[in-house]
Every structure is written in structure tokens, then in C-alpha cells.
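Student: Sequence first, then the predicted structure, then my questions.
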Amino acid sequence: MAATPRPASTVVIMDESSRVYLTKRPDSMKFMGGFHVFPGGTVEKHDTVVENDYVNSDESQLSVSLSFYIAAAREMFEEVGILLGNRQDGFPVQVPKEKVNTYRNDLLIGEIPFIRVLAQENLHFDPHCLTYFGQIITPEESPIRFDTRFFLAKLPQGQNPEPDQKEIDGAFWVKPEVALTAFYNKEIKLAPPTILALQAIIDFQQSGILKMSVSQKDLMSLIKELRKNDLF
């Protein structure tokens with residue numbers, strides 16, 4: 001029997017130069033060790049948010065469930081320290097580094113929900129700051145499966161990523177096409193979902209349309225081609 005896919009979110013962070021932020025998983029990790037990926041992870045129980053003063057919880061205009069947006073924002077903050085939230089006075093978010101580190105650690109160990117961070121800093125999270133652009137479900141042949149929703153986020157003004165040393169073994173800004181070239185030259189390792197997301201961003205930059213539509217047949221064809229060329 002195939003494993004049930006776990007709901008997950010992945011975030012492509014883009015800066016003003018249209019570069020994206022790739023992080024490398026430590027080689028020691030059992031799952032995808034040594035691969036370059038975008039920030040992301042599974043949707044946790046605390047990511048399900050009821051109506052409150054710190055989150056725009058109106059799902060009527062969202063592409064997917066709000067919990068995927070919350071998970072995306074939380075994982076982005078946990079892994080690379082980028083905090084998506086709006087101050088009421090319109091100024092960029094500024095949280096002292098010491099508090100940021102404490103919040104990130106508490107989130108990683110499940111001590112507090114992401115909403116608590118927003119409340120303590122009096123920030124408002126609007127899910128529309130994340131643009132949903134597609135879904136990929138891990139093939140049934142895999143023992144570990146995810147139902148992953150992909151989002152694009154602009155790098156907030158005044159913030160710069162700081163990777164978590166325990167989960168990330170290096171990170172860099174790169175043009176999407178340069179990342180794909182490095183992959184096909186076997187300079188970095190990329191999983192099929194990351195490849196497809198990079199291609200979707202390239203298409204978006206060329207056409208202005210941000211969308212990733214991937215069937216299981218498409219995904220398996222890509223995996224087969226990559227294995228044929230010893231790329232995965």
C-alpha cells in the first residue's frame with residue numbers, strides 16, 4: 001500500500017534582482033541529504049488558524065487552505081529567518097536578532113505556534129504576500145510522500161536570510177536558469193520538484209504567468225529521464 005502524502009509547503013524567495021534563494025541540506029540527512037532545496041516543510045497542527053487579530057483568515061480569496069500559507073511563512077522563518085508580517089505603521093519589520101533566534105528555536109522544537117510570534121511582535125500576516133503557483137505530490141513508489149503546495153515570496157524590505165545551522169549546510173542567491181545549468185553540469189543536486197519550480201519561475205519571468213501544472217505522468221517522465229542521465 002502506498003504511503004499517504006503529508007501536506008507540505010515550499011517557498012521560493014525572490015529578491016529585487018530576480019534571484020531565488022537555494023539552501024543545501026546537510027549530507028548527513030537521511031532524506032534528500034546533500035540536495036539543494038527551497039525552504040519548506042510539513043503542515044503542522046498549529047498551522048491551522050481560527051479567526052484572530054493577527055492573521056487575515058478569510059479563505060474565500062485564497063488558492064488553497066490557509067494552513068498551507070501559515071506553514072510556508074513559518075518554515076521560511078524557521079529555516080532562513082525571513083519574517084512575513086506587516087506593521088500597522090507601514091514600516092518594515094524589525095525584530096532584534098536575539099529575539100529572532102529565540103523565536104526560531106522555539107518554533108523548531110514546537111514550543112510556540114507561528115501566530116504567537118506575530119502576536120508578541122504586534123504583526124499582521126496577510127497570506128496574499130505569498131503567491132501560490134502549483135502542487136506536486138510525491139509518486140506512490142516513494143516510501144516518504146508529500147502533497148506539497150508551492151509559493152513565491154518577495155524578499156521583505158530590510159531583511160536578509162540567515163540559514164539555520166542545524167538544518168542547512170550552505171545557501172546562496174542564484175538566477176533560476178543558472179541553478180538549472182549547474183544541476184545539469186552535475187555541480188549541484190536538485191530533486192525533480194525543485195527543478196520544476198525553477199522552470200516555472202523562468203517561465204514566469206518570460207511570460208508574466210506564474211503557474212506550475214504537474215501531473216503524475218509528467219513527474220514520472222522527468223524522474224525517468226533524470227535517472228537515465230544519472231542526475232537523480
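Tutor: Thanks, I have the structure now.

Student: I'd assumed residue 19 was in contact with residue 175.
Tutor: Yes - contact criterion CB atoms under 8 Å: residue 175 and residue 19 qualify, at 5.6 Å. Yep, even glycine has a C-beta here, placed from its N, CA and C like the rest.

Student: Going by secondary structure, the closest residue to residue 108 other than its chain neighbours is in what exactly?
Tutor: Counting by CB to CB, 6 or more residues apart in numbering, the nearest residue to residue 108 once its immediate chain neighbours are dropped is residue 78, at 5.6 Å. Assigned by DSSP states H and E, residue 78 belongs to helix 66-80.

Student: Which other helices and strands does that helix contact?
Tutor: Counting by 3 or more CB pairs under 8 Å, 6 or more residues apart in numbering; DSSP states H and E, the packing neighbours recorded for helix 66-80 are strand 6-14, strand 20-24, strand 40-42, helix 97-108, helix 114-121, strand 130-137, strand 146-154.

Student: JSON lines please, covering these and showing mean neighbour count and mean pLDDT.
Tutor: What follows is the helices and strands packed on helix 66-80, written out as JSON lines (neighbours: other CB atoms under 10 Å; pLDDT from 0 to 100):
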{"stretch": "strand 6-14", "mean neighbour count": "22", "mean pLDDT": "98"}
{"stretch": "strand 20-24", "mean neighbour count": "22", "mean pLDDT": "97"}
{"stretch": "strand 40-42", "mean neighbour count": "19", "mean pLDDT": "96"}
{"stretch": "helix 97-108", "mean neighbour count": "15", "mean pLDDT": "93"}
{"stretch": "helix 114-121", "mean neighbour count": "19", "mean pLDDT": "93"}
{"stretch": "strand 130-137", "mean neighbour count": "20", "mean pLDDT": "97"}
{"stretch": "strand 146-154", "mean neighbour count": "22", "mean pLDDT": "97"}
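
Student: low-scoring pLDDT stretches of this structure, where are they?
Tutor: Counting by pLDDT under 70, the chain contains low-confidence ranges at 50-51.

Student: what angle separates the helix holding residue 78 from strand 6-14?
Tutor: Here the directions of helix 66-80 and strand 6-14 differ by 60 degrees (axes from the mean of the first three to the mean of the last three CA atoms, to 10 degrees).

Student: just to revisit the earlier point, could you pull up the contacting residues of the residue nearest to residue 108?
Tutor: For residue 78, the contacting residues are 41, 104, 107, 108, 164, 167, by CB atoms under 8 Å, 6 or more residues apart in numbering.

Student: Just read off the phi/psi values of the residue lying closest to residue 7 once chain neighbours are set aside.
Tutor: Residue nearest to residue 7 in three dimensions, not counting chain neighbours: residue 43, with 4.2 Å by CB to CB, 6+ apart. Backbone torsions of residue 43, given as degrees, to the nearest 10, read phi -80, psi 120.

Student: From residue 175, how far off is residue 43?
Tutor: Distance, residue 43 to residue 175, using CB to CB, to the nearest Å: 30 Å.

Student: More neighbours: these two, which one.
Tutor: residue 43 (24 against 16; other CB atoms under 10 Å).

Student: Just to check, residue 201 is in contact with residue 12?
Tutor: Yes - using CB under 8 Å, residue 201 is in contact with residue 12, at 6.2 Å.

Student: could the contacts of residue 78 go into JSON lines alongside distance to residue 180?
Tutor: Formatted as JSON lines, the contacts of residue 78 follow (distance: CB to CB, whole Å):
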{"residue": "41", "distance to residue 180": "23"}
{"residue": "104", "distance to residue 180": "30"}
{"residue": "107", "distance to residue 180": "32"}
{"residue": "108", "distance to residue 180": "31"}
{"residue": "164", "distance to residue 180": "26"}
{"residue": "167", "distance to residue 180": "24"}
